[in-house]
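A.B. asks: Kindly return the folded structure for what I paste below:
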Amino acid sequence: MALPDASPEISDALQVLHRVFGYSSFRGEQQEIIEQVVGGGDALVLMPTGGGKSLCYQIPALVREGTGVVISPLIALMQDQVNALTALGVRAGFLNSTQEPYERQAVERAFLADELDLLYLAPERLRTENTQRLLDRGKVSLFAIDEAHCVAQWGHDFRPDYLALSLLHERWPKVPRIALTATATAATHAEIVARLGLEEARHFVASFDRPNIQYRIAPKNNPLKQLLELIRTEHDGDAGVVYCLSRASVEKTAAFLVEQGIDAVAYHAGMDSRTRAENQARFLREDGVVVVATIAFGMGIDKPDVRFVAHLDLPKSVEGYYQETGRAGRDGEPATAWLAYGLQDVVQQRKLIEGSEGDEARRRSLGMHLDAMLALCETVDCRRTQLLAYFGQSGEPCGNCDTCLTPAESWDGTVPAQKLLSTVWRLARERRQKFGAGQIIDILQGKKTAKVIQFDHDGLSVFGIGADLSTAEWRSVVRQLLALRLLAVEGDFGTLVLTDDSGEVLGGRRSVSMRKEKAVAAPARKESGSRSGKGARVPVDLPAAAEPVFLALRAWRAATAREAGVPAYVVFHDATLREIATRLPTTVAELGTIGGVGEAKLTKYAEGVLDTLAECAAAPGAPAAAVPSAPAAPAPQGRPEAGDADEPPFDLDEMEPPWDDWE
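C.D. replies: All right, here's what the predicted structure looks like:
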């Protein structure tokens, strides 16, 4: 497998890539990154989810002498990560608090005997003196700091123990380090460099574009019903993740989906650890399970066939949104990122920021993160280009987001803005009163509700001056004024107040352009495949004659994975099954040329695959075997990364903490 002009390091790496992972070439910047680390240099890698980050440290760990130590943030997933590597013939282990003492001792002995290729640790365990002395006694080939954005204090997934990882270079200065993350702004990038001491490292920044994901943001109007429609019309039988802000919302949403016949489970930090682990295992190891979760779920999840990620509440930042939506479509197949967004989301997030811990600088930073998220929601331009711009990258309109497929309209909202701001001003000035959006809209529309009559608001000069707009349109005006910081939220009851910039609009010195809301059907999209039976999706580019073979291989894979107690993708990814179904190998040697079939998997699974193919060939109307020398269909190179419109305000005491999986 060596290239004529390849360095010895890359020749060795290519041999490992083919022998262990079953691929013939690297993709993107993988080769340069691997060459840097194999040669003993440090690297900082910013690469999107599904871009093949794990290979960038796994292969150097297999090439270099000693054991690669991986700092991984979530201990709950270490077992699955190790299982996936073991299936490839890699000697991998982990040390964490879920193990019995004898299990940890066995892993420690294997490490000291140089019998491990990769060892996974949580940052909390690395900080202990016992672990540090253990690493001193063994041979460490490299340190891989996964999910490195956790070091950023004002990022979206701050993990305090990541701040101590600067000790790696101080205590083991000759061991190369590679820090990896799927998302980082320029500020987060700089903070990673400073806090981990990576000033001398080579930086590799890949494109953050995930063209297979269709981004859609819909006005919130009975979000549970909207979610059900999304699943039933576009993703029936698909695996998906639904994010909610609070534990109560998670429980309510999961129960609703189950009542509607959707195979759904809940996941949040308030559940007992056993139930949480069981639900996570079901999602990972069974086809078509939907998990409803808080942001505590998802980091490190290697499941490649998640077909949709839905948000029922507004994410706190673009970084968090990008990270969470990136868990869809890791296999490169079409996937959906869908968000339901309404006025109450904006009010709630503003209140959370005002009540957050920390100084004014931190609240200002949180506000800036939210402003960027609101700008993404309110844009009339391509969402993908705006998302890329947030990370400092450029792009052309994608043709695969809602604003490209059903272009949004903008309108001059200056006069409605003046009417609404004037109403807020008159209530404060003339009546010394503050109210929320509902009362202000009733005044503008001239509704003589009990509350309007009680406070004599029908006597205000602004009463009825906004009867030309519907309630939904006025709520959109309020939401967009909040997004533009021309209006603010105050107090526990979400009352509206003017800002320093409101006078610019009231005085006619500033115009306000707004996004026009319209109820639209889901935009047309390229299907990720046809279906044959409930929950059995066939890849879109698979020839019709190969469909029954692909489905038979999936059934074999499911049974094999169930027997081994591992997720189906640990056996083979869909991309590998697709190539097998298309090429129809008839011998072990031919099967070995399929992408994703390394030596260990060939030894373990060849008999089962070939028997399944033989049964398919014997069936009436079976497709003829492909000519062995026919070129393979392109395959991914590198292992894929192993209600009401207004919901009531959330109980702040039951908001989900950012982390629940500490060591």
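
A.B. asks: Quick one: low-confidence residue ranges for the stretch 301-450 of the chain.
C.D. replies: Nowhere does the stretch 301-450 of the chain drop to pLDDT under 70.

A.B. asks: All the strands of it, residue numbers only.
C.D. replies: Under the criterion DSSP state E, counting those that start in this stretch, the stretch 301-450 of the chain contains strands at 306-311, 335-341, 410-412.

A.B. asks: Quick check: which ranges of the stretch 51-200 of the chain have low pLDDT?
C.D. replies: Looking at the stretch 51-200 of the chain by pLDDT under 70, you get 153-158.

A.B. asks: residue ranges of the helices in the stretch 201-350 of the chain, please?
C.D. replies: 223-234, 247-259, 273-285, 318-325, 343-354 (DSSP state H, counting those that start in this stretch).

A.B. asks: between the last one and strand 335-341, how many degrees?
C.D. replies: Right, the one you point to is helix 343-354. Interaxial angle, helix 343-354 versus strand 335-341 (axes from the mean of the first three to the mean of the last three C-alpha atoms, to 10 degrees): 80 degrees.

A.B. asks: How about the third one?
C.D. replies: Using the same axes, to 10 degrees, the interaxial angle of helix 273-285 with respect to strand 335-341 works out to 130 degrees.

A.B. asks: Now do helix 273-285: which elements does it pack against?
C.D. replies: strand 264-267, strand 290-293 (3 or more C-beta pairs under 8 Å, 6 or more residues apart in numbering; DSSP states H and E). Placement of C-beta: from N, CA and C, glycine included.

A.B. asks: how about a cut-off of 7 Å?
C.D. replies: In terms of contacts (3 or more C-beta pairs under 7 Å, 6 or more residues apart in numbering; DSSP states H and E), helix 273-285 is packed against strand 264-267.

A.B. asks: now the shortest one
C.D. replies: Applying 3+ C-beta pairs under 7 Å, 6+ apart, we find helix 318-325 packed against helix 360-378, helix 383-390.

A.B. asks: Between the ones you listed, which one is closest to Leu487.
C.D. replies: Comparison of the helices and strands packed on helix 318-325 against Leu487 by C-beta to C-beta identifies helix 360-378 as nearest, at 12.2 Å.

A.B. asks: What residues sit buried inside that closest one?
C.D. replies: Within helix 360-378, the residues that qualify as buried by neighbour count (16 or more other C-beta atoms under 10 Å) are Ser365, Leu366, Gly367, His369, Leu370, Ala372, Met373, Leu374, Leu376, Cys377, Glu378.

A.B. asks: just stretch 192-210 next, same as before
C.D. replies: 192-193, 195-198, 201-202, 204-210.

A.B. asks: And stretch 586-605, by the same measure?
C.D. replies: 590-592, 594-598, 600-602, 604-605.

A.B. asks: Pretty sure Phe493 is one of the things Gly436 touches, is it not?
C.D. replies: Yes. Look at Gly436 against Phe493 with C-beta atoms under 7 Å: they come within range, at 6.4 Å.

A.B. asks: residues in contact with the residue sitting nearest the centre point of the chain?
C.D. replies: What sits nearest the mean C-alpha location of the chain, by C-alpha atoms, centre = their mean, is Glu324, with 2.5 Å. Neighbouring residues of Glu324 by C-beta atoms under 7 Å, 6 or more residues apart in numbering: Tyr243, Ile295, Gly298, Val309, Pro315.

A.B. asks: in the stretch 451-600 of the chain, what spans have low per-residue confidence?
C.D. replies: Looking at the stretch 451-600 of the chain by pLDDT under 70, you get 518-540.

A.B. asks: Send me stretch 262-282 as CSV with only the CA atoms.
C.D. replies: Backbone C-alpha positions of stretch 262-282 (Å, rounded to 0.1, in the frame of the first residue of the first chain) are rendered in CSV as follows:
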residue,chain,number,x,y,z
ILE,A,262,-42.9,6.2,17.9
ASP,A,263,-40.1,4.1,19.4
ALA,A,264,-38.7,6.8,21.7
VAL,A,265,-36.7,7.0,24.9
ALA,A,266,-35.8,9.8,27.3
TYR,A,267,-32.3,10.9,28.5
HIS,A,268,-31.5,13.5,31.1
ALA,A,269,-29.3,14.0,34.2
GLY,A,270,-32.3,13.6,36.6
MET,A,271,-32.8,9.9,35.6
ASP,A,272,-31.1,7.2,37.5
SER,A,273,-27.8,6.1,35.9
ARG,A,274,-29.1,2.6,35.0
THR,A,275,-32.1,3.8,33.1
ARG,A,276,-30.1,6.4,31.4
ALA,A,277,-27.5,3.8,30.3
GLU,A,278,-30.2,1.4,29.1
ASN,A,279,-31.8,4.1,27.0
GLN,A,280,-28.5,5.2,25.5
ALA,A,281,-27.7,1.6,24.7
ARG,A,282,-31.1,1.1,23.0
